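[1] sequence first, predicted model second:
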Amino acid sequence: MSAIERIPPVDTGVLRFSTAGSVDDGKSTLIGRLLYDTKAIFEDQLASIERTSKGRGQSAVDLSLLTDGLMAEREQGITIDVAYRYFSTPSRKFIIADTPGHEQYTRNMVTGASTADLAIVLVDARKGLLPQSRRHAYIASLLRIPHVVLAVNKMDLVHHDERVFREIVAAFNDFAKGLGIGRIDAIPLSALNGDMVVDRGDRLPWYQGPTLLDLLESADVGRGAEAGPLFFPVQWVARPGDSGVEGARGYAGRIEAGHVAPGDAVTVLPSGRTSKVRSVRTLDGELDRAHAGQSVTLVLDDQIDVSRGDVIATTGHALTVSREFEATLCWFADEPFERQRRYLVKHGTQTVRAMFDRPRFRIDVNSLGVEETDTLRLNDIGSIGVRTAQPLAFAPYRENAAAGSFIVIDEATNATVAAGLVA
């Protein structure tokens, strides 16, 4: 591929990607550069950050201000929450989950990256890989993000030295060997000057690969959610007169994985009753086919007992129905996990009481080693056994992200305290 050749886009869908880096690696500037160079900034936004930059005595426009919108972030110079940004090119639309870099905000990264098709791990060329870099790569692998881009930033501050870039890439690839990430691309860049972000620039002639935007425009989207078997948690049961089909009940909800069409054989879980789809309906009428992400009403051939919280799944791809399973938890709450405390598990549209065993272990995300523990604290990631009051229909997260994910709620406070992945 020549240095000026662009990778043609392979999909015009929406690409969701997350960005993560250690504090002061230039992540906010990188996102600002993407927005600025793709002409995704309104004139009044640009005028505002120009005034702020001048007020700080800066000679150039501080592009990081486009993303660090919270006053606390501006005062402290760090990004402290997940912010979602949107931009588009002629080839594709993009949603960016801008996640915090500090170890204290691991929970925010888990939230922001949970629906991403691609993760950008940003590294400061002067510092090399840091514990936070390894943590972000591990979380990307834990969430089964199939594509990771290692963006080695601030190449201008190491004199655009190819050797520095190669050493960081080698160290990252060595760490990532056991993570099971499907694809890793590495790009040297300077977010401040714009080299290899949208435009190639002329200061990294030894790098012949794609720019960051080239990769974003050509990346696969959807994480295969439409390709797998149907996972349809029932949100609401429509009375016969409200389903759109005379004399038939309808089951409304959002398709979380897979696809469905009239004539498909389905199984209702946890009961195990089977039927066929009679029609797939929306407010606009009947559909020939619906897929993950769409909210629809399913009408079945048989008038079987279906309730809110039940799951309609593809027959022959039955989910596991059980009251017990092993899970990986990322603990979100300031208060640590307590076995004696009452917790709820929300899985799909079903919320049930649950009991948790003593944690099996806690994961050291820097070394990927495991540590014995009797609790989980803020931002800890650990393995634990779960027992629920009613059976749930689930699958391992690695096989079906929608069917294998849940949240944990403190019953006393109604606060979300953890995110869970079925092992």
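    Good, I have the coordinates.

[2] now Leu143: closest residue in space, sequence neighbours ignored.
    Closest residue to Leu143 apart from its sequence neighbours, by C-beta to C-beta, 6 or more residues apart in numbering: Ala113 at 5.5 Å. In short, each C-beta sits where N, CA and C put it, glycine included.

[3] so Arg134 is in which element?
    helix 131-142 (DSSP states H and E).

[4] for the record, mean pLDDT for whichever helix or strand comes after that helix?
    With elements assigned by DSSP H and E, the helix or strand that comes after helix 131-142 is strand 147-153. Here strand 147-153 scores 98 as its mean pLDDT.

[5] stretch 300-307 too?
    For stretch 300-307, mean pLDDT rounds to 93.

[6] what's next to that stretch, contact-wise?
    Identification of contacts with stretch 300-307 by C-beta atoms under 8 Å, 6 or more residues apart in numbering yields 234, 237, 248-249, 251, 266, 268, 271, 273, 275-278, 312.

[7] need these in JSON lines (columns: distance to Arg323).
    Listed next are these as JSON lines, based on distance: C-beta to C-beta, whole Å:
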{"residue": "Val234", "distance to Arg323": "19"}
{"residue": "Val237", "distance to Arg323": "23"}
{"residue": "Ala248", "distance to Arg323": "32"}
{"residue": "Arg249", "distance to Arg323": "27"}
{"residue": "Tyr251", "distance to Arg323": "23"}
{"residue": "Val266", "distance to Arg323": "23"}
{"residue": "Val268", "distance to Arg323": "18"}
{"residue": "Ser271", "distance to Arg323": "15"}
{"residue": "Arg273", "distance to Arg323": "19"}
{"residue": "Ser275", "distance to Arg323": "25"}
{"residue": "Lys276", "distance to Arg323": "29"}
{"residue": "Val277", "distance to Arg323": "28"}
{"residue": "Arg278", "distance to Arg323": "32"}
{"residue": "Ile312", "distance to Arg323": "20"}
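
[8] list buried residues within those.
    Buried members of these, counted by 16 or more other C-beta atoms under 10 Å: 234, 237, 248-249, 251, 266, 268, 275, 277-278, 312.

[9] for Leu329, give me its contacts.
    337, 359, 376, 381-384, 408, 418-420.

[10] pLDDT value on Ala186, please?
    Reading off the model, Ala186 has pLDDT 98.

[11] how far away is it from Gly32?
    22 Å (C-beta to C-beta, to the nearest Å).

[12] could you do Ala418 as well?
    Taken as C-beta to C-beta, the span from Ala418 to Gly32 is 33 Å.

[13] ok, so of the contacts of stretch 300-307, who is nearest Asp202?
    The nearest member of the contacts of stretch 300-307 to Asp202, counting by C-beta to C-beta, is Ile312 at 56.5 Å.

[14] mean confidence for the helix or strand where Phe232 lies?
    Counting by DSSP H and E, the element that carries Phe232 is strand 231-238. Mean pLDDT, computed over strand 231-238, is 96.

[15] and it, how far out from the chain middle?
    Using C-alpha atoms, centre = their mean, to the nearest Å, the mean C-alpha position of strand 231-238 is found 24 Å from that of the whole chain.
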